[in-house]
Structure formats: C-alpha cells, structure tokens
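Visitor: Attaching a predicted model along with its sequence, questions to come.
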Amino acid sequence: MGTSERNREAHVPDVIPSAASGAAASAPRSLAEALRARGDASLAALLRARPDLLSPVPNDLTQLATRAGTRASVVRALERLDRFTLQTAEALAVAPDPPPYATLLALLTGDEGDPDTEAGLPAAVADLREQALLWGPDDRLRLVRTARELLAPSPTHPSPTGLGPTVAEATAGMSPGRIQEIVAAAGLPPTHDSVSAVTALTALFTDRSRMSALLDEAPAEVHTVLGRLVWGPPYGEVTANPAPPVRWLRDRGLLLPASTRTVVLPREAALHLRAGRAHRTPEPLPPAVLPAKEHRPQLVDANAAGQAVGTLDAVEDLLKEWDHGGPAVLRAGGLSVRDLRRAATALDTPETVTAFWAELAYAAGLLASDGEADERYAPTPAYDDWLALPVQDRWARLAGAWLTATRTAGLVGGQDSKGRTLSALGPDLDRSAAPEVRRRVLDLLAGLPEGAAPDPDSLLARLRWERPVRGGGTGELRTRIARWTLTEAELLGVTGRGALSTHGRALLSPGQASATATGTARRRPSASAVETAAAALLAPHLPEPLDHVLLQADLTAVAPGPLQRPLAETLSVLADIESKGGATVYRFTPASVRRALDAGRAAADLQAFLSAHSRTPVPQPLAYLIDDVARRHGHLRIGSASAYVRCDDDALLNEIMADRRSQPLGLRRLAPTVLAAQTDPATLLDGLRALGYAPAAESAEGDVLITRPDARRTPPRTPPAPVPEGPPVPDATLLGAAVKAIRAGDLASTVVRREPFAAAATAGNGELPRTTSAETLATVQAAALTGSAVWIGYVNADGAASQRVIAPVRVEGGFVTAYDHTADEVRTYPLHRITGVAELADDPA
C-alpha cells in the first residue's frame, strides 16, 4: 500500500459537517471521522496508550489519524497488545474486509463455540478501538490498513494464524483456461469469465456441506497431506511429477500454485479444515501465576530483612575497597574483567553478583568515575551522606534506585550486536524495558497470597501472554529480565524465600508505579514517601547493632551480628575480616596491628578499646601481639634525604646493612645511627616492612607521621537517568492541553466557510487559504466591526504554517489583535503573515 492510500484512510473532505456545527452523526467514513466522534476522555486514553502520537502534538484530528496509521507507530502499538487482543487483530487481518462482528467471533470460536472467547472478545475489540487500530461500527469493523499489512499472510511474511492467501489472491495471474479446469474438476458448472469462476470456487470452499462432500470423495492420503498444511505453514514444495494425492488436491484447487515448485493451501479451504478457527488455541484468559511454595509471612519478612542487611554490607564493602582510588575506567567505558574479578575475590561473591552490586551503587548515585585524566571509579560525596542514614533508609534508597533503573546488570559478560563484551558500569547496559518488567514481576508476586513464592514458569507464561513476541527481538530479552528480576529481588531483600516481603510490597505504591511507567523517575535528595514507607516496614525486622565482640585466644574476634558503625570502623582498621555470614570473624595480625598504630593509635589505646568492647577478657596472646608490635613500631624512622633510616640502636642498623635482601634499597651509613637510601621514603618503608621490621615515617621536624590515607571522592555526581522506552507517558495536564489543542486545530481545519471566499480560500489537503492583501484586510476589519469569527492561514517567523479560527478585536498599524479559538487566548498577528482569510458559516461556540 502506498502513502496515498494511507492518506485516503485518514483524510476527510475539507468541507464537512463538524462536531461544532451540530450535524447529525453517521457511521464514520475514515479513521479521522471516527476519532472526531470520540469524547475528550477517549482521545486522552488514546494518547496515553500511544504517547508517540504526541511527538509533536498533531495540528488536528486528521493529522492524528494519519500519524496513528504510520508503520512505526502501528508496530509499537501492536507490540504492547496482550495475546488475545493480538489474536483478535490477526483474525481481523485474515477476515474479509470489512467483517461484521459475527464473522470475527466465528473466526475466534469456530463451529464449536467457546464461552470464554465470546466473553473476552468485546473487551479485545474495545481495546483495539481505543488504540485507534480498529474503527467502524460492529457491522463493518475496519482494521487500520498498516496493521492489516503487518498481520495479513504473504509468501515473505507468514501470518501468525498459519493461514495462506485467499482463492482470489492465489489465482491472480492464473490463465482463464486453468481456472476453468479447476472449476470443472471440483464439480462446478463452467462460467463465462475468470472472476465468476473464482467466486464459484470460493463459495464451494466456504460451504461446509459441499466442501465436506468433496473431501469425502478424496483418497485417504489426501487427508494426510492436508493435515501437514492445515495449521501452517500453508506452503509446500512439489516436483514436476507430484504424487497422486497432491495431484488430486491441485486439480480441484485445494492446492494452488504459489511459484513453479511451491503450492499453497487456500485460506477458505484451511478454515473449513480448522472448523472455522483462525487460531489453533485462542487464549482469551491470562495464564494464572501459580504458587510453588507457601511460607509464613513473618518468616518471609525475616529472611528478606537478612538479605537487606547483606546487601548493605556488600555495597559498603565494595565501595570501601575502592575508597582510596578504585579501578581504572576502560577507554570504551566500564570496568575491566580483571578488576571485576579482583572485586569479586575481595567480596567473596560470584562475578555476576559483584557486577550487580556495582551497578546498584552506580544507579543509586553512590559510585561514579572521577573524571580525571587517569579516570578511575570512586565513591561520590553522596556515599558519605548515605552512610549516615539509618539502615532501613539506606536499603530503601537502593531498592528504589533498582526498581526504576534501566541499567541491566544481568547483561554483563554477554556480547552486543557487534560481538563486543559488555562490561560492568559500561555504556551499553541500558534496556528501556527493564523498569516495566521489574515492576510487573513484583505486581504479579503481590497478587499471590502473602508468603507464597511463585512458580517461575507460570510467571513467565503470564508475562509472555501480556506481551507476546512478534517475530522475535525483545521477547527473549524480556524473559531474561524477568528471570534476573527474581534473582535480584532476592539478593536485595525485596523478596524472601521467593515470596514478596511486606516492605517489598510497599515499594509498589501508585506513586512509584507512575515514576516507573514514565521511565523518568525523579531523583530527590531526601527519600520519597514510597521509600520512607518501605523503610518503616523494614525497620522492625532488622537486628539491633551490637556494641561488643567476643575475643578469642586464637587472635580472632567474633561479631555475632551487625556492629555499631564506630565500633565496626575501628575494628576494620585493627583487624582483617576473615569470614562473613551470620557472624563476622575478624583476625588480628602484626600487619593489622601496625596499621592501627600507623593511624595514630597507641598500644594503650588499643588495649583499652578491646577491653571496653569485648564481652570476654582480652586474651593474653592478643595483648602480647599488640605490645610486641608497638614495641618495635617506630624504632626505625624513615625520612626524606632522598630517604634515610634513623635508629638509636646501631646494632639494628648493622643487622639491616648485613642483610643481603636490603641491597636493592641502596643503603649506606652516614652516621652511627643514620643510613641513607637511594629510594624514596615510601619504597624504603615498604622494603623494610617486607624484611620483617616495623619502621615508622617521620616528618622533617622528626615527628612520627600518621599514615591515615584520605578517602577519595569524585566531584558531585547525579545518578544516571533512566532511558525511557519511547516517549514518556504524558501526565493529565499535558493530555488535557493536547486534546484541547487538537480539538481547536480540528475546528479550524473542518469548519464550514461561507461563499464567496470559500472558493478562493480553498485549503484542500491541509493547504492554507489564499486571498489578496486587500481581501484579507477588508474581511478582518468587517469581522472586527461585527464581532464575528474568521478562518485564516498563518505563517510564523520560523516559517511554520497553521490554520486558525480567530475573532478580530482591533485592526491597526498592520496588525490584527484577535481572540484565537485555536490557542484559546488573545494574540496579535501581523497582517503580512496571514496568507488568506474566509468567513465562517457559523461562529464557533
């Protein structure tokens, strides 16, 4: 179909009785007329369901109808239909155009009927009408031409129904003699022309009794051949000398040639064999999401709370790992495989889970690149603010960011369309469908009884029914996102043991739903009301932070639960984390104790700290370890010469000089208590520590330097904005303004003009009216005197042309001031930019 045919579908005559004129309503002759008959609420529903029609706002309803019939818009609308509504559209595409409602019902229910299909069909037809994919009364249902082209069968594009072309389509181009041979073999009387012959053959195939009688005469092998083609694909290959069953079918027109070696089963014959059904299995009812297991809601909430605490620990550990300068950013953006593997080893988690934590922190605005020449990832200043929040608020912020983010961590490690590996934090992980799928998965979980975990297969079947796949593409991705959602929700603590938790259910409030649907959830400095409500429900299930640990004789400390932040921070400097889980095990080593001493703590301070926060006495081995490291710590002093070593014990310096392992340091004695080195102080410090000594750095004044590295932070960064799928869903204010503008523009384009200017000011097909300057001036002056409205064509300073209905108030100085019915406001127009003017038969209300 060409563009001109689509225009004819949407076009309306220039001079027709408009809604404003109060003309009697009749059956619409085009999609534009059908839209014109709708109320404002119905037009707003159309624009809400298909927001691409608003980019930009159409000038009038004719333009809206034309835009609604474009291929890109129709494809997008078809992709958002549920399975049964799509099956309804597919049945309309293979029905005679235009079919009555009864024909459509027969195609979906067949000869045997189906109460569920009969009950569900009115809603499906109404949905197609609301989305402007279908128009016309019930006795003449018209599918939009572009939708019919997309869904109707063709040799290059098989129909989802599995049906082939009609008899008329399959015999197009066939010789009249061959058509008469088929008619005679089928037992029909000869006709005078091919058209009547094709009509007679079609009538035979659609007559159930005569068709049954014809097939009763067929050999048994014929039914086997038909059984292979009846449900599609309807095409089959034949040889130059086909088998007798194929020859029998071909002679009687039950198989018609599609090419030199291909035959096709005509649509009418296939429908007879299918008992009138266009689809093998109509699906008017959505599949139920079945519960796989049921748990006590209290157990679900407790388990989810434990997962939430684990989430916070993992994110905090990851960012603490990168606190003093994280991994480098790849040239193409993202995290290298080696750095991801190193982070996974540090967190003791799989790489896929580590990638999820990194993406979660990035989506929440806690992690970003620093933007330096040697670009690296580091925590943002927002991370420090996040650490200061209560535990439940920290979790709520992460959960809210996850639910609305378009970044999809499950893609990490896969490949893009060019075969390049997708890296964590890279630029190619945005998938606009992710927020919608996550939201829908959680909505389906919320529909189950409390404490019920879903059967994943039934949940995926439901999602596929709600958004079936047309020709592949996004369907597989949506299924993968749904699976990742179930896994990520469990990791995050939104679900517990597979069931939606109470605090996870709170994330699904209407406000959050609106933000997710638009794909442009606003980021606020403070928690939203939704996140606050979820945090309040999570708080009672969180364990109270502890102010103590259990010290053990094997140089370990056991934290039986989460620790208070000051205690946890000090302990992480004094000891190394050995294992995590229900309880965290810390191990004290000479290196960890020296790290605490380097940070400015004295041995007495460390002993007092452990005594104050341990439920058990400080074990003797731990006390000896602290005292021993402290006794040796700082005995050697290192400063800048290039670098030097100073020690009051010349025997210790002799020992260092005699050690062959110190030769790379380039040491030489300057004085009995001073050694000079050819390396810088940092290298010298690390080298002597590697030899087993405990040196301390000192300043130029001889004071011990406290080596407490400063945390590295990026400049202030905003969280990554979600990438919406197409235009965002318009809000009520925008919808109201758009409908008003379209109505006003339609009034200007369809209003009846008065003679004699109507002939001179013709604006067929959207053209602007044309009158001379003198006629324009005289008409607007007369309208200003009488207070009547006129119809004008206007070209603004940018060259954009439009049609308007105005009521002139004043004409002077080359300008006309008028009330613009199209814009619903008073405006001033230069007369030289008015292309033409015409009086109206009736003033607009």
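Guide: Looks like it arrived, so ask away.

Visitor: Wasn't residue 585 part of a helix?
Guide: No. Counting by DSSP: H, G, I helix; E, B strand; the rest coil, residue 585 is located in no helix; its state is strand.

Visitor: Tell me how far it lies from residue 307.
Guide: Going from residue 585 to residue 307 by C-beta to C-beta, to the nearest Å gives 20 Å. Heads up, the C-betas are built off the backbone N, CA and C, glycines and all.

Visitor: Please apply the same query to residue 478.
Guide: 25 Å.

Visitor: so where's this structure shaky on pLDDT?
Guide: Under the criterion pLDDT under 70, the flagged ranges of the chain are 1-25, 470-475, 510-527, 634-642, 699-711, 748, 751-768, 822, 841-845.

Visitor: ok, longest helix in it?
Guide: helix 297-321 (DSSP state H).

Visitor: and the gap between residue 745 and residue 55?
Guide: Distance of residue 745 to residue 55, given as C-beta to C-beta: 16 Å.

Visitor: Quick one: neighbours of residue 356, just the number.
Guide: Residue 356: 25 surrounding residues under other C-beta atoms under 10 Å.

Visitor: Spatially nearest residue to it (excluding sequence neighbours)?
Guide: Excluding its sequence neighbours, the residue lying closest to residue 356 (C-beta to C-beta, 6 or more residues apart in numbering) is residue 409, at 4.2 Å.

Visitor: before we move on, what about residue 618?
Guide: residue 610 (5.1 Å).

Visitor: Quick one: distance of the longest strand seen in the chain to the chain centre.
Guide: Longest strand of the chain, by residue count under DSSP state E: strand 801-812. Put simply, strand 801-812 sits 45 Å off its chain's centre (C-alpha atoms, centre = their mean, to the nearest Å).

Visitor: Name every sheet partner of it and say whether each one runs parallel or antiparallel.
Guide: Counting by DSSP bridges, the strands paired with strand 801-812 are strand 790-795 (antiparallel), strand 815-820 (antiparallel).

Visitor: and of those, who's closest to residue 719?
Guide: When the strands paired with strand 801-812 are compared by C-beta to C-beta, strand 815-820 sits nearest residue 719, at 42.4 Å.

Visitor: which parts of that closest one are buried?
Guide: 816, 818, 820 (16 or more other C-beta atoms under 10 Å).

Visitor: Could you pull up the contacting residues of residue 179?
Guide: With contact taken as C-beta atoms under 8 Å, 6 or more residues apart in numbering, residue 179 is in contact with 171, 194, 197-198, 201.

Visitor: If any of those residues are buried, put those into a PyMOL selection.
Guide: PyMOL command restricting these to the buried ones, with burial defined by 16+ other C-beta under 10 Å:
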select buried, resi 171+194+197+198+201
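
Visitor: Now the contacts of residue 179 in JSON lines, please, with extra columns for secondary structure and distance to residue 395.
Guide: Supplementary listing: those in JSON lines, determined by DSSP: H, G, I helix; E, B strand; the rest coil; distance: C-beta to C-beta, whole Å:
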{"residue": "171", "secondary structure": "coil", "distance to residue 395": "68"}
{"residue": "194", "secondary structure": "helix", "distance to residue 395": "75"}
{"residue": "197", "secondary structure": "helix", "distance to residue 395": "75"}
{"residue": "198", "secondary structure": "helix", "distance to residue 395": "70"}
{"residue": "201", "secondary structure": "helix", "distance to residue 395": "70"}
